[in-house]
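Undergrad: Pasting the sequence and the predicted coordinates here, then a few questions.
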Amino acid sequence: NAGVTQTPKFQVLKTGQSMTLQCAQDMNHEYMSWYRQDPGMGLRLIHYSVGAGITDQGEVPNGYNVSRSTTEDFPLRLLSAAPSQTSVYFCASSPLGVAKNIQYFGAGTRLSVL
Amino acid sequence: ILNVEQSPQSLHVQEGDSTNFTCSFPSSNFYALHWYRWETAKSPEALFVMTLNGDEKKKGRISATLNTKEGYSYLYIKGSQPEDSATYLCAFTPAGNNRKLIWGLGTSLAVNP
């Protein structure tokens, strides 16, 4: 069972560079989301999607774009990386309508922006 | 502002000790309360989701209770083992937005052999 797969696991960027964090799930979950985890702060929602073709902003969307062309994939794009985006990023998925919104998390991507 | 607070922030216990920690959340506008276990270098995994006042859930040596009227949940670990060492996160879902999760900062548990 692959579950939620995130790549890469680690990434170092220079300020101003762009990159895409990949997330894929094989559980046919409608709901997918991206969080960032920073020291001293709880998981914060960046963007989420309730199905293919539908995305919406979370608490901290600035500097990030997402798209959801398929049910399986939900990539997160950093348009012009900034040191404030140094964080650990988690992708999660959840089935809609059942299981009370239980989140299935990927292994995380640790990003450093220099 | 909806806040979820967890206490203590960290805890060190000896193998075999039983322990518990608290998650506090807004008592009004409640939909669900989640507990997750997050081991170092891994991703958070769901332990329990509770929705009803007085709910009690159990998985092995770990159990949780829920009091929605006063806005708290307890997580109990009986006879702690080193493999229980992890951060335990709780998350609150408010009514009216049942896809939203508001996360606490977690309680970091270290069980010494």
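TA: Everything's here; your move. Just so we're clear, the structure is a prediction, and the values are computed from it rather than from any experiment.
Undergrad: Please, which helix or strand holds the residue sitting nearest the centre point of chain A?
TA: The centre of chain A sits closest to residue A:34, judged by CA atoms, centre = their mean, with a distance of 2.8 Å. Using DSSP states H and E, residue A:34 sits in strand A:31-37.
Undergrad: would you put the C-alpha positions of that strand in CSV?
TA: Only the C-alpha atoms of strand A:31-37 are listed here, as CSV (Å, rounded to 0.1, in the frame of the first residue of the first chain):
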residue,chain,number,x,y,z
TYR,A,31,-9.9,15.6,-0.4
MET,A,32,-6.2,16.5,-0.5
SER,A,33,-4.4,19.2,1.4
TRP,A,34,-1.0,20.8,2.0
TYR,A,35,0.3,21.8,5.4
ARG,A,36,3.4,23.4,6.7
GLN,A,37,5.0,22.6,10.0
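Undergrad: by contact count, what packs against it?
TA: strand A:19-25, strand A:44-51, strand A:87-94 (3 or more CB pairs under 8 Å, 6 or more residues apart in numbering or on different chains; DSSP states H and E). Yep, even glycine has a C-beta here, placed from its N, CA and C like the rest.
Undergrad: if you set the cut-off to 7 Å instead, what comes out?
TA: The contact analysis (3 or more CB pairs under 7 Å, 6 or more residues apart in numbering or on different chains; DSSP states H and E) places strand A:31-37 against strand A:44-51, strand A:87-94.
Undergrad: Most tightly packed of those?
TA: Of all these, strand A:87-94 has the most neighbours on average by mean count of other CB atoms under 10 Å in any protein chain shown, namely a mean of 23.
Undergrad: Please name the strands paired to it in the sheet, noting orientation.
TA: Under the criterion DSSP bridges, strand A:87-94 sits next to strand A:31-37 (antiparallel), strand A:104-105 (antiparallel), strand A:109-113 (antiparallel) in its sheet.
Undergrad: now that strand against strand A:44-51, angle please.
TA: Interaxial angle, strand A:87-94 versus strand A:44-51 (axes from the mean of the first three to the mean of the last three CA atoms, to 10 degrees): 30 degrees.
Undergrad: Specify the angle between strand A:87-94 and strand A:19-25 in degrees.
TA: Going by the same axes, to 10 degrees, strand A:87-94 is angled at 30 degrees with respect to strand A:19-25.
Undergrad: thinking again about what came up before, mean pLDDT added to the strands paired with strand A:87-94, as TSV?
TA: What follows is those, written out as TSV (pLDDT from 0 to 100):
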stretch	mean pLDDT
strand A:31-37	95
strand A:104-105	94
strand A:109-113	96
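Undergrad: For residue A:94, which of those is the nearest?
TA: Among the strands paired with strand A:87-94, strand A:31-37 comes nearest to residue A:94, with 4.3 Å by CB to CB.
Undergrad: Check which residues of that closest one are buried.
TA: By 16 or more other CB atoms under 10 Å in any protein chain shown, the buried positions in strand A:31-37 come out as A:31, A:32, A:33, A:34, A:35, A:36, A:37.
Undergrad: Which one of the residues you listed is nearest to chain B?
TA: residue A:31 (6.6 Å; CB to the nearest CB).
Undergrad: Which residue is the nearest non-sequential neighbour of the closest one?
TA: residue A:94 (4.3 Å; CB to CB, 6 or more residues apart in numbering or on different chains).
Undergrad: hang on, isn't that neighbour packed against residue B:34?
TA: No - if you go by CB atoms under 7 Å, residue A:94 and residue B:34 don't touch, sitting 10.9 Å apart.
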